[in-house]
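Undergrad: kindly return the folded structure for what I paste below:
(one chain, ligands or ions: 2)
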Amino acid sequence: MKELSLHVLDIVENSLRAGATEVEIRVVEDSNEDILSIEIKDNGRGMDDETVKKAIDPFFTTRTERKVGLGLPLLVQAAKAAEGNVAIKSIPGKGTTVKAVFKKSHIDLQPLGDMAKTISALVALHPEVEFIYTHVKEGRKLRFSTKELKEKLQEVPINNPLVIDWILRFLKKSLNELSGGA
Ligand SMILES: Nc1ncnc2c1ncn2[C@@H]1O[C@H](COP(=O)(O)OP(=O)(O)O)[C@@H](O)[C@H]1O
Ligand SMILES: [Mg+2]
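TA: Numbering: from 1, shown residues only. Ligands and ions are numbered 1, 2, ... in the order given. Prediction:
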């Protein structure tokens, strides 16, 4: 994988397969601390300690369609390549938090990729799931919540193509503003 946003898709896919109805995605970019972190928190079925330990093993998967599970091992590999690490916390029946931390200035850090596209695609594909996306960049903060948007939309479905297009443009503009753009 070449972009961190693609890892996000993969990790969120695990959450959805675990039956999550709410997924929080939090990205923090902090140049002073020289850290980029990505945290994905879900309210899915969770894992016991033993499963958490096995989850980062490429030959472990609870899927039945194929024999290797690479989502978490690839994220661990990307983190290690950038002097970072991945921590998984999970409580059976409650949910899972996966947090990847990277050294922001590291030459081998994969680019973040297109988070606006990633989030809008997740909403389009999983309109019934609540997504909360926060992105903090050098202290400036963006927060997007499908729950709040759904309240405003009332009977208009959130996966209406016009709404998805609005979300994409809103996130692009907001992320651009976080970067100091007008
Ligand atoms: N958020 C999660 N909630 C519950 N179980 C998870 C979660 N993420 C990963 N797992 C467990 O860890 C396994 C490995 O995940 P992953 O490395 O992404 O491979 P794959 O998804 O292909 O199985 C999954 O099959 C699942 O059993
Ligand atoms: Mg996976």
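Undergrad: use CA for all of it now, contacts and neighbours both
TA: Fine.
Undergrad: shaky segments in the protein?
TA: Scanning the chain with the threshold set as pLDDT under 70 gives 1, 64-69, 181-182.
Undergrad: and the longest helix seen in the chain, what's buried?
TA: Using DSSP state H, we find that the single longest helix of the chain is helix 161-178. The neighbour-count check on helix 161-178 (16 or more other CA atoms under 10 Å) flags 163-165, 167-168, 171-172, 174-175, 178 as buried.
Undergrad: next: stretch 108-124.
TA: In terms of neighbour count (16+ other CA under 10 Å), stretch 108-124 has its buried residues at 109-110, 112, 115-124.
Undergrad: secondary structure added to those residues, as CSV?
TA: Putting the buried residues of stretch 108-124 into CSV (DSSP: H, G, I helix; E, B strand; the rest coil) gives the following:
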residue, secondary structure
109, coil
110, coil
112, coil
115, helix
116, helix
117, helix
118, helix
119, helix
120, helix
121, helix
122, helix
123, helix
124, helix
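Undergrad: what is the nearest of the residues you listed to ligand 2?
TA: residue 122 (14.9 Å; CA to the ion).
Undergrad: leaving out the residues flanking it, which one is nearest to the closest one?
TA: Take residue 122 and drop its neighbours on the chain: the residue closest to it by CA to CA, 6 or more residues apart in numbering is residue 9, 7.7 Å away.
Undergrad: for the longest helix of the chain, packing partners?
TA: Under the contact criterion of 3 or more CA pairs under 8 Å, 6 or more residues apart in numbering; DSSP states H and E, helix 161-178 touches helix 115-125, strand 140-145.
Undergrad: can you pull out the strands in this structure?
TA: Using DSSP state E, the strands found in the chain span residues 22-30, 35-42, 85-91, 95-103, 130-137, 140-145.
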